[in-house]
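In: Sequence and predicted structure, then a few things I'm wondering about:
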Amino acid sequence: MLEYVKTILQKVSFDMLLFSKELQKSINWLTENEKVELRVWLNSSFTGEYKAVIKEILDNKAA
């Protein structure tokens, strides 16, 4: 499932709003270990404004 999520996020990364929505949906499907792997991958794959979106979504879901 993690590889599928990565593929989807790469394909929608042209639009930050769509990326945000897909990330929010995707993390509900993943195990805790996959969420950790996803966070590492996201932080190494996306920069700039995406970093803030990623942090906000992942930190809110972890709380």
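Out: Structure's in. What do you need?
In: in which helix or strand would I find the spatially most central residue of the chain?
Out: Central residue of the chain (C-alpha atoms, centre = their mean): Leu23, 4.2 Å from the mean position. Leu23 belongs to helix 16-26 when assigned by DSSP states H and E.
In: Following the chain onward from that helix, which element is next?
Out: helix 32-45.
In: Buried residues of that next one, list them for me.
Out: For helix 32-45, burial by neighbour count (16 or more other C-beta atoms under 10 Å) applies to Glu34, Lys35, Leu38, Arg39, Leu42. (C-beta placed from N, C-alpha, C; glycine too.)
In: The helix holding Leu23 - contacts with which helices or strands?
Out: Packing contacts for helix 16-26, counted by 3 or more C-beta pairs under 8 Å, 6 or more residues apart in numbering; DSSP states H and E, involve helix 2-11, helix 49-62.
In: same thing but at 10 Å, please
Out: Judged by 3 or more C-beta pairs under 10 Å, 6 or more residues apart in numbering; DSSP states H and E, the packing partners of helix 16-26 are helix 2-11, helix 32-45, helix 49-62.
In: Identify the residues contacting it?
Out: 1-2, 4-6, 8-13, 15, 34-35, 38, 42, 46, 48-50, 52-54, 56-58, 60-61 (C-beta atoms under 10 Å, 6 or more residues apart in numbering).
In: between that helix and helix 32-45, what angle do the directions make?
Out: If you take axes from the mean of the first three to the mean of the last three C-alpha atoms, to 10 degrees, helix 16-26 sits at 160 degrees to helix 32-45.
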